[in-house]
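Chemist: Model the following, please.
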Amino acid sequence: YIKALPSGQRVGDAKAIIAQSEETLRQQIEQQWWNPVVQAPTMIAKLHAVQAYQKALPDGQHQAEVKNILAQIEEFLRKEEEQRLWQPVEQATSLTAKLEAARAYQKALPSGQHQAEINNLLVEIAEALRDEEEQRLWQPVLDAKSGSVSLQKAVAQDYLLEKPAGKYAAEAKQIIAQAQEALREEEKALREEEKALRERKETRWWQPVEQTKFLSTKANKARAYLDAIPKGKHAEEAKRIIAEYEYESWLTFTKDYHEFFDKGQFLAAARHLSQRQPADDLLNELKNKFQANVLNSLTTQIDQFISQQDWADAYKKLDNYDNWPQAFQNVQTRRNIRALRRKVQEAEDRYLYTEFLEARDIERAENYLRSAPLKT
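Modeler: Reported below is the predicted structural model:
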């Protein structure tokens, strides 16, 4: 009507009808959004209904009531949160659990109604935990009292490392000091015992050296002493005895060797050189001299046998070469031995033939044909 006849005679009535209708509709909308608030069965449902009302009707007629309801809900939720966070603190069965619950309450509700209790509780728990940790760290020290001194010292040091200013720090230091003193006494006694053992060991290994008269046996005992106690107090004397024996042994050895060689007992001389152990520079030098001189001496001896017509000894002497130690055998020497054998054979052959020429009888002829080595 108003749109068609904006200046009609009933425009006033139409506007009144529109205003009345709008008011009715507004009241219906108010009632539609407010009823869920009034009828909400729980605080959470009421909170959701109030939030929906505020969103739909930011200028609704129940704004004052909304503020009161929100304040009530906020107080209810705060109390509920207080109870939810405080209950684990009250119900905790261990100090650690109580501490965690108290810290969770303090973090979530820094201004909560139990804040004073929380502060007192944290102090008590911290003190109790410190005592508990002190006891835990100190218990091994108590348990070690029946153990060794080293163990007592070690566990006391472990305690001080963890708790340098702990409740039992002074007692721990006293235990360490006492243990160190005891250990020093033990070390002193151990050193004295070790010294006595060394003395007994020295006596046990050196006494046979002193009681032995023969130098060879004394040297063997001295070697046994050095093997057992390389740095013993008699080590230098033991070395001197061994050196003296080795020197005299070497003199005897070389004397025997030269006697064999000078007598022309070359097989015995070679075996004598090969049997000495261990090989050293002096022995190697003597072996080299043997190699250099033996052929000349052997040749001289063979010449003597030839001059004496001692053919059997000459051959025996040359045959001995096969029994020389391998170290003294070589191709050149063997060749020289064969040459000397040929020399003896030629001399014997010539001797037997000369005998035949001088006698010119059947006996000498048969002797030559039977015994001459070459029959030339």
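Chemist: how far away is His318 from His258?
Modeler: One thing to correct before we go on: residue 318 is Leu, not His. 22 Å (CB to CB, to the nearest Å). Glycine gets a C-beta too; all of them are placed from N, C-alpha and C.
Chemist: more neighbours, these two?
Modeler: Leu318 (19 against 12; other CB atoms under 10 Å).
Chemist: Mind jotting down where the helices sit in this protein?
Modeler: Along the chain, the stretches classed as helices by DSSP state H are 11-39, 43-56, 63-91, 95-108, 115-143, 149-162, 169-211, 215-228, 235-262, 266-275, 281-307, 311-319, 331-359, 362-371.
Chemist: Now tabulate the ones you listed in CSV and tack on distance to Lys3 and mean pLDDT.
Modeler: As requested, the helices of the chain are exported to CSV (distance: least, CB to CB, whole Å; pLDDT from 0 to 100):
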stretch, distance to Lys3, mean pLDDT
helix 11-39, 10, 88
helix 43-56, 29, 82
helix 63-91, 34, 78
helix 95-108, 61, 80
helix 115-143, 66, 81
helix 149-162, 92, 86
helix 169-211, 98, 90
helix 215-228, 134, 93
helix 235-262, 136, 94
helix 266-275, 148, 94
helix 281-307, 142, 95
helix 311-319, 162, 96
helix 331-359, 149, 96
helix 362-371, 177, 96
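Chemist: Relative to Leu5, which of these is closest?
Modeler: helix 11-39 (7.0 Å; CB to CB).
Chemist: helices and strands around that closest one, which ones?
Modeler: Applying 3 or more CB pairs under 8 Å, 6 or more residues apart in numbering; DSSP states H and E, we find helix 11-39 packed against helix 43-56.
Chemist: and the helix it packs on with helix 11-39, angle?
Modeler: Per axes from the mean of the first three to the mean of the last three CA atoms, to 10 degrees, the angle that helix 43-56 makes with helix 11-39 is 160 degrees.
Chemist: Please report how far Arg10 lies from Leu25.
Modeler: From Arg10 to Leu25 the distance is 21 Å (CB to CB).
Chemist: Any figure for the gap between Tyr1 and Gln20?
Modeler: Counting by CB to CB, the gap from Tyr1 to Gln20 is 15 Å.
Chemist: should've said Thr203
Modeler: 136 Å.
Chemist: what do you get for Ser274?
Modeler: Counting by CB to CB, the separation of Ser274 from Gln20 is 148 Å.
Chemist: just Glu90 next, same as before
Modeler: The value you get for Glu90 to Gln20, if CB to CB is used, is 61 Å.
Chemist: Next: His48.
Modeler: 33 Å.
Chemist: out of these two, which sits in the more crowded spot?
Modeler: Shown here are His48 and Gln20; by other CB under 10 Å, His48 has more neighbours (14 against 10).
Chemist: Contact partners for that one?
Modeler: Applying CB atoms under 8 Å, 6 or more residues apart in numbering, we find His48 in contact with Ala40.
Chemist: Report the contact partners of the closest residue to Thr254 other than its chain neighbours.
Modeler: Excluding its sequence neighbours, the residue lying closest to Thr254 (CB to CB, 6 or more residues apart in numbering) is Leu286, at 6.8 Å. If a contact means CB under 8 Å, 6+ apart, then Leu286 has 254, 257, 273 as its contacts.
Chemist: and which of the residues you listed is nearest to Gln63?
Modeler: Leu273 (131.6 Å).
Chemist: That closest one: neighbour count?
Modeler: 23.
Chemist: Could you do the one 10 residues further on as well?
Modeler: Applying other CB under 10 Å, we find 18 residues neighbouring Leu283.
Chemist: isn't it right up against Leu273?
Modeler: Yes - in this structure, Leu283 is within contact of Leu273 by CB atoms under 8 Å, at 7.1 Å.
Chemist: okay, now Leu251: neighbour count?
Modeler: Neighbour tally, Leu251, other CB under 10 Å: 10.
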